[in-house]
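**Q** here is a sequence together with a model predicted from it:
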Amino acid sequence: MTGLLDGRRILVTGALGGIGAALIRSIEAEGGEVVGIDRPEVVARDGAHTVHGVDLTAEGATTRVHDLCRALGGIDGLVNNAGIEHRAALSEHTDDDWSRVMAVNLDVPFRLSRDLADLLAAGSDATIVNICSIAVTGFAGQVAYDASKGGLQTLTRSLAVELGPRGIRANAICPGFIDTPMLDTGDLRGLAAKVARGLPLRRLGTPDDIGHAVVWLLSDRSRYITGQSLYVDGGMIRS
Ligand SMILES: NC(=O)c1ccc[n+]([C@@H]2O[C@H](COP(=O)([O-])OP(=O)(O)OC[C@H]3O[C@@H](n4cnc5c(N)ncnc54)[C@H](O)[C@@H]3O)[C@@H](O)[C@H]2O)c1
């Protein structure tokens, strides 16, 4: 049987989180090979053998990831999935909160895209998928997170334009409220449950809902699509 991602090597960040684990399942189910990255302490706790422990915000982290990918013979896809939330009113957001969120959610995807572009260009039908959020529309109580995801969405468009001529596509997925450990940040789970009751599809998303959409964007079934944002949110945002 042939899969949508047969023989494709895909780097996935945040690979041991709720959505990351589903990405591994979905990609492998379609014949792809995953190179996973997550924080060293998370890998030590519950790492699979294909997940490497790297704090992506540490100095030299992207060089380490580059060397890792080169040693494995290259990559054909990059999924910037690692991310952190911070729930607090605007007046309670410290400079450190802002910098910490930006470092993981925006700086890391920028550096990985820049530093892995040559490897991706040498790969086959190379694709970048950035995991943004419905937060790009703006929510109360998470100004740093919202701004980081808005920046990531715009970064995606810029990457599509600049890397398209080199054969690399770049798209964003904007998940709605997905049932993962991230919903345990602050008051998020209560908010998510309330919003889900009013959605056209009347439920929270599952990590596999995101995995299926990412597989499609990584595959050549979406080969003429670049610079786009796909909202996987039960019908919350209708673009
Ligand atoms: N769950 C949701 O409702 C939801 C909604 C919209 C967008 N998202 C986005 O989806 C992505 C995945 O979220 P999730 O719900 O699976 O969250 P999660 O908290 O379950 O997983 C995030 C993973 O990223 C890893 N990570 C964080 N900082 C890292 C670092 N410095 N280096 C390496 N790895 C790091 C964490 O260890 C964790 O395994 C995030 O970008 C998030 O913003 C989630």
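**A** That came in fine, so what should we check first? What you see is a predicted model; the values in this text were computed from it and never measured.

**Q** identify the residues contacting the longest helix seen in the chain?
**A** Ranked by residue count and defined by DSSP state H, the top helix of the chain is helix 143-163. With contacts defined as C-beta atoms under 8 Å, 6 or more residues apart in numbering, helix 143-163 is touched by 80, 83-86, 90, 93, 97-98, 101-102, 104-106, 109-110, 113, 117, 120-121, 128, 130, 132-133, 135-136, 138-139, 168-172, 174, 226-227, 229. Where C-beta positions appear, they are placed from N, C-alpha and C, glycine not excepted.

**Q** let's go with 6 Å and repeat that
**A** Helix 143-163 has contacts (C-beta atoms under 6 Å, 6 or more residues apart in numbering) with 85-86, 90, 93, 97-98, 101-102, 105-106, 109, 113, 128, 130, 132-133, 135-136, 138-139, 170, 172, 226-227, 229.

**Q** next: stretch 22-35.
**A** 3-6, 8-12, 50, 207-208, 211-212, 214-215.

**Q** now the two most distant members of the residues you listed.
**A** Put simply, by C-beta to C-beta the two of the contacts of stretch 22-35 set farthest apart are D6 and P207, 22.9 Å from each other.

**Q** the more surrounded of those two?
**A** Counting neighbours by other C-beta atoms under 10 Å for D6 and for P207 shows that P207 has the greater number, 19 against 12.

**Q** and the more buried one, how far from the ligand?
**A** Separation of P207 from the ligand (C-beta to the nearest ligand atom, to the nearest Å) stands at 7 Å.

**Q** hang on, the earlier thing: what's the mean pLDDT across the longest helix of the chain?
**A** Per-residue pLDDT over helix 143-163 has a mean of 98.

**Q** just give me how far that helix sits from the chain centre.
**A** In terms of C-alpha atoms, centre = their mean, to the nearest Å, the centre of helix 143-163 is found 12 Å from the chain centre.

**Q** how about it: buried residues?
**A** Using 16 or more other C-beta atoms under 10 Å as the test for burial, helix 143-163 gives 143-153, 155-157, 159-160, 163.

**Q** nearest residue to S113 other than its sequence neighbours?
**A** In space, and not counting its chain neighbours, S113 is closest to L159: 5.6 Å by C-beta to C-beta, 6 or more residues apart in numbering.

**Q** tell me which residue is most central in this protein.
**A** N81 (2.2 Å; C-alpha atoms, centre = their mean).

**Q** pull up the residues of the chain that are close to the ligand.
**A** 13-14, 16-20, 37-39, 42, 55-57, 81-84, 104, 131, 133, 175, 177-178, 180-183 (C-beta under 6 Å from any ligand atom).
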